[in-house]
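Undergrad: Provided below for reference: sequence and predicted model.
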There are 2 protein chains.
Amino acid sequence: MFEKEPGRTAGLMHSAGQRAPRQPSIKDIARLAHVSHPTVSRALHNSPLVRPETAEKIRRIAAETGYRASAVARGLVTRQTRTVGLVVTTVSDPFAAEVACGVEQTANDYGYAVFLADSNADPKRERSVVQELAERRVDGIIVTSSRVGALYLPLLKQLNVPIVLVNDQFPGAFVHSVMIANRAGSRAVMKHLIGLGHKRIAYIGDRNGYQSDVERLASYKQALAEAGIEFDAKLAVKGNGGTATAIKAMNGLLDLDRQPTAVCCYNDMTALGAMRAIHARGLRIPADISVTGFDDLFFSGYLDPPLTTVHQPMRRMGEIAMENLFKLMSGEQSVAQAEVKAKLIVRGSTGKAKTARGLTPKSRRR
Amino acid sequence: MFEKEPGRTAGLMHSAGQRAPRQPSIKDIARLAHVSHPTVSRALHNSPLVRPETAEKIRRIAAETGYRASAVARGLVTRQTRTVGLVVTTVSDPFAAEVACGVEQTANDYGYAVFLADSNADPKRERSVVQELAERRVDGIIVTSSRVGALYLPLLKQLNVPIVLVNDQFPGAFVHSVMIANRAGSRAVMKHLIGLGHKRIAYIGDRNGYQSDVERLASYKQALAEAGIEFDAKLAVKGNGGTATAIKAMNGLLDLDRQPTAVCCYNDMTALGAMRAIHARGLRIPADISVTGFDDLFFSGYLDPPLTTVHQPMRRMGEIAMENLFKLMSGEQSVAQAEVKAKLIVRGSTGKAKTARGLTPKSRRR
DNA sequence: AATGGGGTCGCACAGGTGTGCAATAAGGAG
DNA sequence: CTCCTTATTGCACACCTGTGCGACCCCATT
């Protein structure tokens, strides 16, 4: 029929209106090699059950044809899709992006593919993407810095699939996780600031109840106490991990009767906003105010001044999460929760404390 | 047999050593509803061929069981996996991350899942991830700012799958793409700088041969020509789109006998590095040197000073790419290449030109 | 009452791959 | 020469879902 039609357009419209011509299947290879399809399957898996010459011939034909076994058919019979789902609030977040990078690399090394499930911090979408992963029959799931996690955690459990969390904000919900040493990191920052003579140190945190914030704030308070500095509730404010909110929070701190001489920020994004607010008022960093962050995102070392912060091995954390997920998927139940070290990186945004305006610490005591 | 074993550990070790208990299948639902499995299939697809009450009953049972049809089995029979592959050099790159965000959102809206294929700019891995996508039988592919693209482009074509490129660096290889208006964007930047009186304007580009760089550099030259400013080859240097290289490049420019009064950077990452280099020498922006970027990444407005740059609607570009891919997948061959507008965002990093040291433009002419 | 038609439902098969088991052939031991 | 062992290969089935087609029932029409 087709041959009756003149012209050469027919050859180009392969996918116009209908499906593309199907990929070569294992049976096609079998026919070309004059064997049965199970033999092809075995040959391609380097099974010792097939005669070397036959196997060689089959492999050659497969290579020439560009044949690649369908992972979906294999998944159906194997009951393993060799896929994992990566749930993030948004890949726009540099932290999530770095973790994703590590996860993807490691998964790829093991022959696994990763489904990117971006919830965009929308609870409705959050549920839908997880449902989607369930339908896709992923072998495992990694969730990074889940914020609205509580909403769909039961749903995740129902999936009956291994799950590893990265910097979970709701600890206890799952057994397996990779966490940064929040306390040690925050403590190192505070020691550093106190060592520079700061006594009025502010803290811009995340939303209430987030585990990272809880732990970092706790270390902040503890460090103050150990240094004999009284905790001032007005200096510990809430942010949301973003720049815009950080600006508002910082402005609030600058409006205080007695401005802080240092600001300890929940993360680098918050520090970015805080620095902007400080500069906008014509104040200098660190001459007037020192600023610290947490995460050590790619831009932090390039700010003016470069940001003193806590380095978080985000990519490595993604790798560890994936490695642990593999152990889980292969049946190991013994995988514990991993904690990675937090390392203080001192740069230019911190300096010696400016003495309080007109008031020495002593005179204030009276 | 199992009942002979005492203790309650057996119930917990579902995945220890062997596979998890299989998910309920369509046949399980059929048995519970006392119908055949095709009826279940039809009921769940809201087919009019099944009696309303029967359908209702089936849907109820399915909901109670938490049944979700296996996308892999469906994919096998349908020959459509409802998945797309997203190839990026690295999601660590904020540009790629934003595009990924747009792609994922749109795909999700259509019930598609996206495989994240991160090549990490490694040619070997680049090939392997694409091979992987082929095995997975993705319905379509999106490639962002492909750099080593030429290496595996033939491989992509062989897949016989619709492909959409975002900011392709090797135009002509594929028909369908989404591009930023490089020329218009770069031109707007140059007009802005020239309008501020700058005459010695440097350009820090990307590697040789990348389309974005070629076009932006061309507009740079053209704008100079139109303003009657002679092109100085020493002022147009190469970078690689990253901060570290940008610092070196900027230092080279600052070492020149006659420093530029403005630097037009290929992108924001480059500008980030350039600003660092300038600040490191104690020079002021824009008092001593104006700096411009391209992309308008999330941090650009928060730098000190905030960066004048060209806004690129990255997320929207991801959405458009995905929308066009859908059209392609549904058989439309008419999808043209899309070009999105580039918008100049003037911030604080650009200002009036400092007069050249000891030399007026006129005296130089002589 | 016979016929026809529409509404419901199940049978059977396809889609591509992996694997247990049987079948066949070849070769060696008795 | 016969029997047994080993090497090699094919048959048949399973995995789970979607769909064409036939079967059946019920009701209205002639």
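TA: Right, received. Where do you want to start?
Undergrad: Domain boundaries for chain A, per the record?
TA: Chain A resolves into domains spanning A:23-69, A:81-180+A:315-339, A:182-312+A:345-365 when parsed by automatic domain parsing.
Undergrad: any idea which of these scores lowest on pLDDT?
TA: Of all those, mean pLDDT reaches its minimum on domain A:81-180+A:315-339 (a mean of 89).
Undergrad: ok, that domain near DNA strand D or not?
TA: No - Domain A:81-180+A:315-339 is not in contact with DNA strand D by Cβ under 7 Å from any atom of the strand; minimum separation 8.6 Å. All C-beta atoms are positioned from the backbone trio N, CA, C, and that covers glycine.
Undergrad: So which residues on the stretch 151-300 of chain A come close to chain B?
TA: The stretch 151-300 of chain A has residues A:Q158, A:N160, A:V161, A:P162, A:T243, A:L272, A:G273, A:M275, A:R276, A:H279, A:F298, A:F299 near chain B, with proximity defined as Cβ under 8 Å from any Cβ of the partner chain.
Undergrad: what about 10 Å?
TA: Taking Cβ under 10 Å from any Cβ of the partner chain as the contact definition, the stretch 151-300 of chain A meets chain B at A:155, A:158-162, A:242-244, A:246-247, A:268-269, A:271-280, A:285, A:297-300.
Undergrad: Could I have the buried ones of those as PyMOL selection syntax?
TA: Buried subset of those, written as a PyMOL selection, criterion 16 or more other Cβ atoms under 10 Å in any protein chain shown:
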select buried, chain A and resi 159+161+162+242+243+246+247+268+269+271+272+273+274+275+276+277+278+279+285+297+298+299+300
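Undergrad: among the residues of the stretch 151-300 of chain A next to chain B, which are in helices?
TA: A:155, A:158-159, A:243-244, A:246-247, A:268-269, A:271-280 (DSSP state H).
Undergrad: ok so, going back, possible to save the domains of chain A as a markdown table with distance to DNA strand C?
TA: As requested, these are exported to a markdown table (distance: least, Cβ to the nearest atom of the strand, whole Å):
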| stretch | distance to DNA strand C |
| --- | --- |
| domain A:23-69 | 3 |
| domain A:81-180+A:315-339 | 11 |
| domain A:182-312+A:345-365 | 40 |
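Undergrad: For B:A96, find the nearest of these.
TA: domain A:81-180+A:315-339 (8.4 Å; Cβ to Cβ).
Undergrad: Quick check: end-to-end length of that closest one?
TA: End-to-end distance for domain A:81-180+A:315-339: 29 Å, by Cα to Cα, to the nearest Å.
Undergrad: again with stretch A:60-79
TA: Stretch A:60-79: ends 29 Å apart by Cα to Cα.
Undergrad: So which elements touch the helix or strand where A:V178 lies?
TA: Here A:V178 sits within strand A:177-180, counting by DSSP states H and E. Counting contacts by 3 or more Cβ pairs under 10 Å, 6 or more residues apart in numbering or on different chains; DSSP states H and E, strand A:177-180 is packed against strand A:140-144, strand A:163-166, helix A:211-226, helix A:314-329, strand A:338-340.
Undergrad: try 6 Å
TA: helix A:314-329, strand A:338-340 (3 or more Cβ pairs under 6 Å, 6 or more residues apart in numbering or on different chains; DSSP states H and E).
Undergrad: so can I have CSV of the domains of chain A showing distance to B:A202?
TA: Formatted as CSV, the domains of chain A follow (distance: least, Cβ to Cβ, whole Å):
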stretch, distance to B:A202
domain A:23-69, 48
domain A:81-180+A:315-339, 28
domain A:182-312+A:345-365, 19
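Undergrad: Kindly state which of these is positioned closest to B:A321.
TA: Comparing the domains of chain A by Cβ to Cβ, domain A:81-180+A:315-339 comes nearest, at 14.7 Å.
Undergrad: Quick one: residues contacting A:S25.
TA: Counting by Cβ atoms under 6 Å, 6 or more residues apart in numbering or on different chains, A:S25 makes contact with nothing.
Undergrad: So the nearest residue to A:D206 once chain neighbours are set aside versus A:V166, what's the distance?
TA: Residue nearest to A:D206 in three dimensions, not counting chain neighbours: A:D213, with 3.9 Å by Cβ to Cβ, 6 or more residues apart in numbering or on different chains. Using Cβ to Cβ, to the nearest Å, we find A:D213 at a distance of 16 Å from A:V166.
Undergrad: Neighbour count: those two, which is higher?
TA: The residue with more neighbours, out of A:D213 and A:V166, is A:V166; 29 against 22, by other Cβ atoms under 10 Å in any protein chain shown.
Undergrad: Report the contact partners of A:E104.
TA: A:V114, B:L116, B:D118.
Undergrad: Once you drop chain neighbours, what's closest to it?
TA: Per Cβ to Cβ, 6+ apart, closest to A:E104 is B:D118, 4.2 Å.
Undergrad: What's the separation between that neighbour and B:F299?
TA: 22 Å.
Undergrad: Next: A:L256.
TA: Counting by Cβ to Cβ - A:L256 and B:F299 are separated by 27 Å.
Undergrad: tilt between the helix or strand hosting A:Q105 and helix A:314-329?
TA: Assessed by DSSP H and E, A:Q105 sits inside helix A:94-109. Inter-element angle recorded for helix A:94-109 and helix A:314-329: 50 degrees (by axes from the mean of the first three to the mean of the last three Cα atoms, to 10 degrees).
Undergrad: Next, the buried residues of helix A:94-109.
TA: A:94-108.
Undergrad: which neighbours does the following helix or strand past it have in its sheet, and in what orientation?
TA: As assigned by DSSP H and E, the chain's next helix or strand after helix A:94-109 is strand A:113-118. Under the criterion DSSP bridges, strand A:113-118 sits next to strand A:83-88 (parallel), strand B:113-118 (antiparallel) in its sheet.
Undergrad: could I get these as CSV with distance to A:P171 and mean neighbour count?
TA: Below are those laid out as CSV (distance: least, Cβ to Cβ, whole Å; neighbours: other Cβ atoms under 10 Å in any protein chain shown):
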stretch, distance to A:P171, mean neighbour count
strand A:83-88, 17, 26
strand B:113-118, 27, 26
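Undergrad: Using JSON lines, please lay out those together with distance to B:L86.
TA: Shown next, in JSON lines, are these (distance: least, Cβ to Cβ, whole Å):
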{"stretch": "strand A:83-88", "distance to B:L86": "12"}
{"stretch": "strand B:113-118", "distance to B:L86": "5"}
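Undergrad: Any idea which of these gets closest to B:F231?
TA: strand B:113-118 (38.6 Å).
Undergrad: List of residues touching that closest one?
TA: For strand B:113-118, contacts defined as Cβ under 6 Å, 6+ apart pick out A:104, A:113-116, A:132, A:136, B:83-88, B:90-91, B:104, B:107, B:129.
Undergrad: circling back: just give me the closest of the contacts of A:E104 to A:V50.
TA: A:V114 (33.0 Å).
Undergrad: how much space between the closest residue to A:A107 other than its chain neighbours and A:P94?
TA: Nearest residue to A:A107 in three dimensions, chain neighbours excluded: A:V114, at 5.0 Å (Cβ to Cβ, 6+ apart). A:V114 sits at a distance of 18 Å from A:P94 (criterion: Cβ to Cβ).
Undergrad: again, but for A:E226
TA: 32 Å.
Undergrad: Okay, buried residues for stretch A:330-339 please.
TA: Neighbour counts over stretch A:330-339 (16+ other Cβ under 10 Å) mark A:V335, A:A338 as buried.
Undergrad: Any chance you could list what contacts that stretch?
TA: A:H176, A:S177, A:V178, A:M179, A:A181, A:I320, A:N324, A:K327, A:L328, B:A16, B:G17.
Undergrad: burial count for the third one?
TA: Read that as A:V178. 26.
Undergrad: List the beta-bridge partners for it.
TA: Under the criterion used (DSSP bridges), A:V178 bridges to A:V166, A:A338.
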